[in-house]
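A.B. asks: got a predicted structure plus its sequence, pasted below:
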Amino acid sequence: MTMSALGEPCVLLKLGEIVLKGKNRELFERRLIANIRDALQTVGVQVDVRKRHGVIAIFLPEGAAAEQAEAVAQRVADVPGLVWIHQAWRVAKDPDAVLKAGLELVGESEEAKRGARFAVRSRRRDKRFPLRSNELDRLVGGAINDEYGLPVDLKNPELTVSIEVDRDEVFVFTGGIPGQGGLPVGSSGRALVLMSGGIDSPVAAYRMMRRGLHVDFLHFSGIPFTTSESIYKAYALVRKLDRFQGKSRLWVVPFGKAQQSIRTSGQDRLAVIAQRRLMLKTAEEVAHRIRAAALITGDALGQVSSQTLANITAQDNAVELPILRPLVGWDKTEIMAEARRIGTLEISELPDEDCCSLLAPKRAETRAKIEDLKQIEKRLDAEELCVQLADSIQEYTL
């Protein structure tokens, strides 16, 4: 493959719903570009990120190798706000240069070697280019058919050669990596995730990152009555999720003594809901301190016996901040599939001594009454207790 035909490697990024934001679109694009630059600091390649009409182009230093462009593409594929990432070649705005680049790109592909059906898709963002899109398709497609004898299939091609004519250059590429979609992290504000070591809460955190929230993580440990295993597990989950947003923080609350107080309150069936309300109250106190505007949980309606509509209503009553539950309508199979896709399932399935195991009544209450819970909290002095718990938190930075 000669550099004279294919030019310089680069990465082309396609935006998703950001393009529908109207007059606010520029704000979202600025946030997205900042997130891209932050993410690429870990790759070790100096890049030039430029905004184009409807796309973002990442240019590498002169003489950069295709492997470096691939590393950049793989990294930005984790940045929410992008729907497609293409490792492309930047060639001169000349029909002959585009033709030669298309021929070489197809000649190097595995699809061409096995005689795959192909199509050429051109897009002319710069209308000053001498050939229209359909003319460019016929020019390059005809040359590929003559050179390699590949059959044309415009409906279901196995190989698609994409040509995008931009302001200063032409991008030529095949294939691409699906992006995360959604909105840029940070464009919707900040929230606090109640992070257990289970399967649900990491998925809930990811789903809200995709909606533009930058999240912090709050883990309740059973210390001093359990080991530190759950903290290590929560830390591993946060590290796995950090690639989607960066600058993640994990806060850990030693919750064992508070659980012991709930257990001795004499309300065995209400213990789980009382504990949950105390967690939410503590989370709200922490959220105020770190300026988070909402709480996020992994609750799914009816997934376990305590996650009934009545109990969820009783939990909402404990705090004033909104509680976001992105998984409320998901079943366990859907949640596990998403956890597997984002890489958290294997960590979540590791054994640990979760703090919830300290309060496991034989039969949980499914229709908790708010007044009964408030009586428990009055005996515990929950308002003061949640402040003490917030004062005891430890921060774990990545």
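C.D. replies: Looks like it came in fine.

A.B. asks: let me know the pLDDT of the residue of the chain most remote from its centre.
C.D. replies: Largest separation from the mean C-alpha position in the chain: residue 146, at 43.6 Å (C-alpha atoms, centre = their mean). pLDDT recorded at residue 146 is 95.

A.B. asks: residue ranges for the strands of the stretch 101-250 of the chain, please.
C.D. replies: 118-124, 159-165, 170-174, 177-178, 189-194, 213-221, 249-254 (DSSP state E, counting those that start in this stretch).

A.B. asks: export those strands to TSV and tack on mean neighbour count and mean pLDDT?
C.D. replies: The way it works is simple: take the backbone N, C-alpha and C, and place the C-beta from them, glycine included. Rendered in TSV, the data for the strands of the stretch 101-250 of the chain read as follows (neighbours: other C-beta atoms under 10 Å; pLDDT from 0 to 100):
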stretch	mean neighbour count	mean pLDDT
strand 118-124	20	96
strand 159-165	22	96
strand 170-174	24	95
strand 177-178	12	96
strand 189-194	22	98
strand 213-221	25	97
strand 249-254	21	96
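
A.B. asks: out of those strands, the one nearest residue 111 is which?
C.D. replies: When the strands of the stretch 101-250 of the chain are ranked by distance to residue 111, counting by C-beta to C-beta, first place goes to strand 159-165 at 3.9 Å.

A.B. asks: what angle do the closest one and strand 118-124 make?
C.D. replies: Put simply, strand 159-165 runs at 10 degrees to strand 118-124, going by axes from the mean of the first three to the mean of the last three C-alpha atoms, to 10 degrees.

A.B. asks: give me the packing partners of strand 159-165, helices and strands only.
C.D. replies: Counting contacts by 3 or more C-beta pairs under 8 Å, 6 or more residues apart in numbering; DSSP states H and E, strand 159-165 packs against helix 95-107, strand 118-124, helix 133-148, strand 170-174.

A.B. asks: put the alpha carbons of that strand into PDB.
C.D. replies: What follows is the C-alpha trace of strand 159-165 in PDB, where atoms were taken according to Å, rounded to 0.1, in the frame of the first residue of the first chain:
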ATOM      1  CA  LEU A 159     -18.000  -4.400   1.200                       C
ATOM      2  CA  THR A 160     -18.900  -0.800   1.100                       C
ATOM      3  CA  VAL A 161     -16.400   1.800  -0.100                       C
ATOM      4  CA  SER A 162     -17.400   5.200   1.400                       C
ATOM      5  CA  ILE A 163     -16.200   8.500  -0.100                       C
ATOM      6  CA  GLU A 164     -16.900  11.800   1.600                       C
ATOM      7  CA  VAL A 165     -15.900  15.000  -0.100                       C
END
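
A.B. asks: gap between it and the chain center?
C.D. replies: Strand 159-165 sits 28 Å away from the centroid of its parent chain (C-alpha atoms, centre = their mean, to the nearest Å).

A.B. asks: mind putting the strands of the stretch 101-250 of the chain into TSV with distance to residue 131?
C.D. replies: Supplementary listing: the strands of the stretch 101-250 of the chain in TSV, determined by distance: least, C-beta to C-beta, whole Å:
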stretch	distance to residue 131
strand 118-124	8
strand 159-165	8
strand 170-174	11
strand 177-178	29
strand 189-194	46
strand 213-221	44
strand 249-254	52
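
A.B. asks: nearest to residue 308, out of those strands?
C.D. replies: Each of these was checked against residue 308 via C-beta to C-beta, and the shortest separation belongs to strand 189-194, namely 18.3 Å.
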